[in-house]
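*Asks:* Provide a 3D model corresponding to the input given below.
(2 chains)
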Number of protein chains: 2
Amino acid sequence: MDKQITCLAGGVGAARFLQGLVNIVPGKQITVIVNTGDDIQLHGLHISPDLDIVTYTLAGIVNEEKGWGIRGDTFNCLKMLKKYTHETWFNLGDRDLATHIYRSQLLNNGHSLSEATAKISRALQLRVKVLPMTNDKFETKIVTNAGTIHFQEYLVKRRAKDKVKGVVFAGASEAQPAPGVIDAISKADAVIVCPSNPVVSIGTILALENVRVALRETSAKIIAVSPIVGGAPIKGPADKLMRGLGLEVSAYSVARIYEDFLDFFVLDQADVAEKERIEQLGLKTAVTNTIMKSLSDKIQLARTVVELISP
Amino acid sequence: MDKQITCLAGGVGAARFLQGLVNIVPGKQITVIVNTGDDIQLHGLHISPDLDIVTYTLAGIVNEEKGWGIRGDTFNCLKMLKKYTHETWFNLGDRDLATHIYRSQLLNNGHSLSEATAKISRALQLRVKVLPMTNDKFETKIVTNAGTIHFQEYLVKRRAKDKVKGVVFAGASEAQPAPGVIDAISKADAVIVCPSNPVVSIGTILALENVRVALRETSAKIIAVSPIVGGAPIKGPADKLMRGLGLEVSAYSVARIYEDFLDFFVLDQADVAEKERIEQLGLKTAVTNTIMKSLSDKIQLARTVVELISP
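*Replies:* I've put the predicted structure just below:
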């Protein structure tokens, strides 16, 4: 297969899928547009959780057990930081910190997040092209009973325990897609919406000006992989967020979020009962195992998706 | 002894002396004014080598073998940074980095170096008051055949191998002493000039507006401990720098740099032959062992100095 594939990605679920994809498609044919709504400033450093998860995974250095961070990393800097400040709820490994320090320095010196991401990708010898969704300020905030808080604060600091009343994308109306994002959608042969949170990972990308239009208008085949299996996400708080927005937590509900631009929806065999409902939206479907535990699970899922692109 | 003692300090030599001093004088009676001419921005972080050496030593966490850094520290962040950039000649331990990250964030948020230093001291439970010599930009640069370079670049990156043609204190004419510095000299019962490099550690403090005048005018007894033993420094490039400025490398030569404000000069027994020459400058002398290998060496030297204050 020599087609150009563009993926929309959040964090762990997307990274696992991409690990399978690079096993069957050469990296240079793949562009990944990554959510930056989770980005956060901590200790004066610019942290891009989803970019790092995707980058570390594709570089083969991710801590596979956790899904984030670098394998075998130590946490000595964070231990010492705890002596200085109580704001140490976000886990930062020592090796991982090098990425945040390097990226922050580039941004402070006037480079864009795109440029920083390209330099980091090159240093880690990635063959896949990784693009941040935007270089502009864009912050996902969760409206809870405890107030409107940054997504990382909701997820990591407060362990997703607050009742979700809404989601705000601060800056979304001014934020422009990063250079290359619209082209990557328009000129691709296929677009894959990775199995990521439809609200805070993919929803952020879709909220950027012109992205949804580009997805509707591209001649690329567009395939989404369901992040919901049996009425629950594999990882993360997608259920709580969907429910908080009044959405049904189901594969069907995800398909509805994407239906205006989607061609194919890949759902788990656990959700086969939803197949018909999804097809009634005008979408084609494929049913397979979408739970990615082993590398062969990941490759099998990627293969199912790639076969929809080039039958 | 209940007198207030103010020390002028550089890095390792001063820190070792202070380790002895706090064993015989309560920390709350001691103020240390520390050289910041070596401070440098690396990876977007503000690094204060001498402040950290003094602070870590007084906190009991210094790597005693090296004289700098934190005992048992790891270097995993730096290893990862090497993948991103070649500018990794300055050793940064993982725990040590926490200090640089915390300080840099405070400075970026508008705090002064004094405030950052006080917060770090408090977090590390120091009883001694540590003051940076200035909150303003002040950079020690070494004029060499290879150009005029930052002191750390001369010392660490290029291993003090370049021929020294001069020393420049960039910013010295505008830099003001940090809050508390002049008072600490004027109101002290004694001022101790620690065994530090007279050119780039103590010379920087002396170059600040009003410091030399305050030293001349204070009623405090002023005692300097020679950093030169037998015609060479115990550690560091003081010999190269002194020679580069056309100065003789000797205890006598150090005494001459300080003679306008000094009462006592403490020299090593190896330099007893210089005693008379130094006394001819109008200074009183004490001859003792100034080489601080063990804690008892440090305490003995501190005791000799304290006895000059309160005979």
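
*Asks:* all contacts plus neighbour counts: C-alpha atoms, from now on.
*Replies:* Noted.

*Asks:* The residue sitting nearest the centre point of chain A and chain B: what is the separation?
*Replies:* Centroid-nearest residue in chain A: A:Gly10, 0.6 Å away (criterion: Cα atoms, centre = their mean). Relative to chain B, A:Gly10 is positioned 24 Å away (criterion: Cα to the nearest Cα, to the nearest Å).

*Asks:* contacting residues around that residue?
*Replies:* Contacts of A:Gly10 were listed using Cα atoms under 8 Å, 6 or more residues apart in numbering or on different chains, and they are A:Val34, A:Asn35, A:Asp50, A:Cys194, A:Ser196, A:Asn197, A:Ser201, A:Ile202.

*Asks:* Could you report the neighbour count for the fifth one?
*Replies:* For A:Ser196, the tally of surrounding residues (other Cα atoms under 10 Å in any protein chain shown) stands at 30.

*Asks:* Surely it is in contact with A:Ala15?
*Replies:* No - under the criterion of Cα atoms under 8 Å, A:Ser196 lies out of contact with A:Ala15, with a separation of 9.2 Å.

*Asks:* hey, what's in contact with both of those two?
*Replies:* The overlap between the contact sets of A:Ser196 and A:Ala15 (Cα under 8 Å, 6+ apart) consists of A:Ala9.

*Asks:* Buried residues of stretch A:91-107, list them for me.
*Replies:* By neighbour count, with 16 or more other Cα atoms under 10 Å in any protein chain shown as the criterion, the buried positions of stretch A:91-107 are A:92-107.

*Asks:* Which entries in the residues you listed are shared with the contacts of chain B?
*Replies:* With Cα under 8 Å from any Cα of the partner chain as the criterion, the subset of these in contact with chain B comprises A:Asp94, A:Arg95, A:Asp96, A:Leu97, A:Ala98, A:Thr99, A:Ile101, A:Tyr102, A:Ser104, A:Gln105.

*Asks:* Looking at these, which are in helices?
*Replies:* Among these, the residues falling in helices (DSSP state H) are A:Asp94, A:Arg95, A:Asp96, A:Leu97, A:Ala98, A:Thr99, A:Ile101, A:Tyr102, A:Ser104, A:Gln105.

*Asks:* for A:Cys7, what are its contacts?
*Replies:* Residues in contact with A:Cys7 (Cα under 8 Å, 6+ apart) are A:Ile30, A:Thr31, A:Val32, A:Ile33, A:Val191, A:Ile192, A:Val193, A:Cys194.

*Asks:* Go through these and flag which are in strands.
*Replies:* The members of the contacts of A:Cys7 that map onto strands under DSSP state E are A:Ile30, A:Thr31, A:Val32, A:Ile33, A:Val191, A:Ile192, A:Val193.

*Asks:* The third one - how many residues pack around it?
*Replies:* Meaning A:Val32. The criterion is other Cα under 10 Å. On that basis, A:Val32 has 29 neighbouring residues.

*Asks:* Also the fifth one?
*Replies:* Per other Cα under 10 Å, the neighbour tally for A:Val191 reads 29.

*Asks:* Quick check: beta-bridge partners of it?
*Replies:* For A:Val191, the beta-bridge partners under DSSP bridges are A:Thr6, A:Ile222.

*Asks:* Wait, it touches A:Ala220, no?
*Replies:* Yes - under the criterion of Cα under 8 Å, A:Val191 lies in contact with A:Ala220, with a separation of 6.3 Å.

*Asks:* So for the two, which residues contact both of them?
*Replies:* Once Cα under 8 Å, 6+ apart is applied, the residues that A:Val191 and A:Ala220 both contact turn out to be A:Ile185.

*Asks:* I'd like the distance between the residue of chain A positioned farthest from its centre and B:Leu215.
*Replies:* When distances are taken from the C-alpha mean of chain A, A:Lys83 lies farthest, 33.2 Å away, according to Cα atoms, centre = their mean. Counting by Cα to Cα, to the nearest Å, the gap between A:Lys83 and B:Leu215 amounts to 36 Å.

*Asks:* Just give me the neighbour total for A:Asn145.
*Replies:* Every residue meeting other Cα under 10 Å relative to A:Asn145 is counted, giving 10.

*Asks:* cool, and A:Ser112?
*Replies:* By the other Cα under 10 Å criterion, the neighbourhood of A:Ser112 contains 18 residues.

*Asks:* pretty sure it contacts A:Asn135?
*Replies:* Yes - under the criterion of Cα under 8 Å, A:Ser112 is in contact with A:Asn135, at a separation of 6.1 Å.

*Asks:* so A:Glu64, which of the three states?
*Replies:* Assigned with DSSP: H, G, I helix; E, B strand; the rest coil, A:Glu64 falls in the coil class.

*Asks:* how about it, what does it touch?
*Replies:* For A:Glu64, the residues meeting the contact criterion (Cα under 8 Å, 6+ apart) are A:Arg71.

*Asks:* Spell out the residue ranges of the helices in the stretch 201-311 of chain A.
*Replies:* Under the criterion DSSP state H, counting those that start in this stretch, helices of the stretch 201-311 of chain A are mapped to A:202-207, A:211-217, A:238-244, A:251-258, A:275-279, A:295-309.

*Asks:* Sort out which residues of the last one are buried, please.
*Replies:* What that stands for is helix A:295-309. Along helix A:295-309, these residues count as buried under the neighbour rule (16+ other Cα under 10 Å): A:Asp297, A:Lys298, A:Ile299, A:Gln300, A:Leu301, A:Ala302, A:Arg303, A:Thr304, A:Val305, A:Val306, A:Leu308, A:Ile309.
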